[in-house]
Each structure stands twice: as structure tokens, then as C-alpha cells.
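coordinates only, no sequence provided:
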């Protein structure tokens with residue numbers, strides 16, 4: 001299930017270049033259910049040592065300019081934000097919060113909501129390839145040990161074998177955490193469309209952590225359940241930090 005939120009601020013929206021944390025903060029502040037907010041922040045849906053928030057959001061979308069001097073992005077209204085989750089109660093709580101709160105803020109920006117709409121959910125089918133474009137970077141990684149025993153995070157790039165394998169395993173874990181179902185035998189495949197350009201790699205700072213992800217276009221295929229969960233919850237890791245949302249292309 002996916003929401004499209006259209007902001008129509010009195011003035012332009014000015015954000016730091018790395019504004020993912022500001023959007024996440026906006027989402028938590030808008031939730032009108034305190035118990036749900038606490039559950040997401042402190043717990044989430046658990047699989048082993050992993051905790052999944054099971055929501056994902058896009059980058060801010062609209063006309064913008066980037067100031068290299070201040071390292072800030074100015075978005076000119078209207079500005080759109082997409083947010084999706086398989087947990088429909090979460091999206092309902094967001095809508096309620098948007099409708100009931102008067103002072104909505106994104107970072108230091110006061111916002112006006114022009115429209116909140118529900119996007120039609122695609123009807124995924126077996127044995128069909130779906131062309132998608134990323135609305136926020138997809139990231140997948142492993143924590144490795146160096147020769148000195150220190151931990152190192154390695155981010156995989158499209159084209160590396162582990163990239164698709166780990167994204168599929170990630171979806172299987174999400175299904176177990178949320179539905180308590182074993183999807184380990186269900187097929188899912190992702191591959192990049194065309195050549196992968198260096199400009200598609202995005203380096204994001206989130207709470208002083210460097211995260212590497214990829215924009216661009218991909219081809220998805222597999223079981224409809226896997227494809228629907230990928231659409232609703234995002235592909236790869238760190239979805240609740242603004243990574244892994246895609247839209248279908250025609």
C-alpha cells in the first residue's frame with residue numbers, strides 16, 4: 001500500500017543534502033498512535049537479530065536546485081513524497097496524523113499539505129519481468145571482519161553476484177518477521193537494466209553513518225508475493241531510513 005503526499009509550502013523547502021533523517025523524523029512525528037510510534041522506534045518486526053520497521057519512503061520529488069556552498073537543496077512547491085508499507089494500520093495512522101495536526105514540519109520547514117492520495121497497487125503476475133526505477137537508492141551490504149579483526153561494512157554494487165542474492169534473502173526475512181511465513185522457496189530475481197554508471201551510486205550520511213546505495217533502473221521477476229512485499233516494504237536494507245523504494249515503469 002502506498003501513499004503520495006503533496007506538500008505546497010508557503011515558501012520553498014530547504015533541506016540539507018542528506019535529508020533522509022529529516023524525512024524519517026517527519027514520519028515519526030506525524031504518527032497519531034503513540035504505541036505504534038514506540039513499537040517502530042524501539043522494536044519493529046523481529047527476525048533473529050534483525051528488526052524491520054517495514055516502511056519505506058522516496059526522496060523528495062519536485063523542481064530543485066543544489067547550493068554547493070551551503071550543501072543544501074531547495075525544493076520548489078509542489079513537492080511530493082511517496083511512502084509505502086505492507087502494514088496498512090501504519091499508513092492509516094499517518095493519514096490521521098496529517099489530518100489532525102496543524103504544525104507539520106520537515107526539519108526547519110513549516111509545511112502545508114495540498115493532497116494525500118492512495119496510489120493504486122500493481123497486480124503482480126508470475127513469469128513476468130517488471131521494469132522499475134528507484135525512487136530512493138537501493139542498498140545491500142555485509143558486515144565483514146578485517147585481517148585485524150575489526151568489523152567493516154561492505155556495500156555491494158549491481159552486477160556483483162551477492163547483490164541480488166542478499167536482496168532476495170532480505171525479502172525472505174521480512175516475510176518471516178511480518179507474516180511468520182517461510183518464503184525461502186519462492187523465486188525472486190533482480191538485475192540492472194543497461195550499464196551501471198558511477199553517477200548512479202549515491203553516498204548518504206545518516207546519523208553520522210555512511211550508507212552507499214544505487215539509483216537507476218532494474219528488472220524484477222519472481223513470485224507475486226515476493227514482488228508485492230518488495231513494492232510495499234522496499235528492496236534491500238535500511239528501508240525505514242529512505243532506501244529501496246521503486247516505481248514501475250511503462
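Thanks, I have the structure now. Given the structure is predicted, the values throughout are model-derived calculations rather than measurements.

which other helices and strands does the one helix or strand residue 80 maps to contact?
Element membership of residue 80 [criterion: DSSP states H and E] is strand 79-84. Identification of packing neighbours for strand 79-84 by 3 or more C-beta pairs under 8 Å, 6 or more residues apart in numbering; DSSP states H and E yields strand 2-7, strand 56-57, helix 88-100, helix 224-233. Backbone N, C-alpha and C define where each C-beta goes, glycine included.

pLDDT on the second one, on average?
Spelled out, it's strand 56-57. Mean per-residue pLDDT for strand 56-57: 98.

could you do the third one as well?
Across helix 88-100, the average pLDDT comes to 93.

what is the orientation angle of it with strand 2-7?
Interaxial angle of helix 88-100 relative to strand 2-7 (axes from the mean of the first three to the mean of the last three C-alpha atoms, to 10 degrees): 20 degrees.

buried ones in helix 88-100?
90, 91, 93, 94, 95, 97, 98 (16 or more other C-beta atoms under 10 Å).

which strand residues bridge the closest residue to the fifth one other than its chain neighbours?
In this structure, residue 95 finds its nearest non-sequential neighbour in residue 116, 5.9 Å apart by C-beta to C-beta, 6 or more residues apart in numbering. With DSSP bridges as the criterion, residue 116 is bridged to residue 5.

list the residues that contact residue 116.
3, 4, 5, 6, 95, 98, 99 (C-beta atoms under 8 Å, 6 or more residues apart in numbering).

just curious, which of these is nearest to residue 77?
Taking C-beta to C-beta as the measure, residue 77 lies nearest residue 6 of those, at 8.7 Å.

okay but the closest one is in contact with residue 113, surely?
Yes - if you go by C-beta atoms under 8 Å, residue 6 and residue 113 touch, sitting 7.2 Å apart.

report the secondary structure state of residue 153.
For residue 153, the assignment made with DSSP: H, G, I helix; E, B strand; the rest coil gives strand.

that should have said residue 164, apologies.
For residue 164, the assignment made with three-state DSSP gives helix.

excluding sequence neighbours, find me the nearest residue to it.
residue 190 (4.9 Å).

can you report how many residues lie near the one you found?
24 (other C-beta atoms under 10 Å).

residues contacting it?
Taking C-beta under 8 Å, 6+ apart, we find residue 190 in contact with 163, 164, 167, 168, 218, 219, 220, 235.

and for residue 175, the neighbour number?
Neighbour tally, residue 175, other C-beta under 10 Å: 21.

ok, now how distant is it from residue 205?
Going from residue 175 to residue 205 by C-beta to C-beta, to the nearest Å gives 31 Å.

same check, this time on residue 88
As for residue 88, its distance to residue 205 is 32 Å (criterion: C-beta to C-beta).
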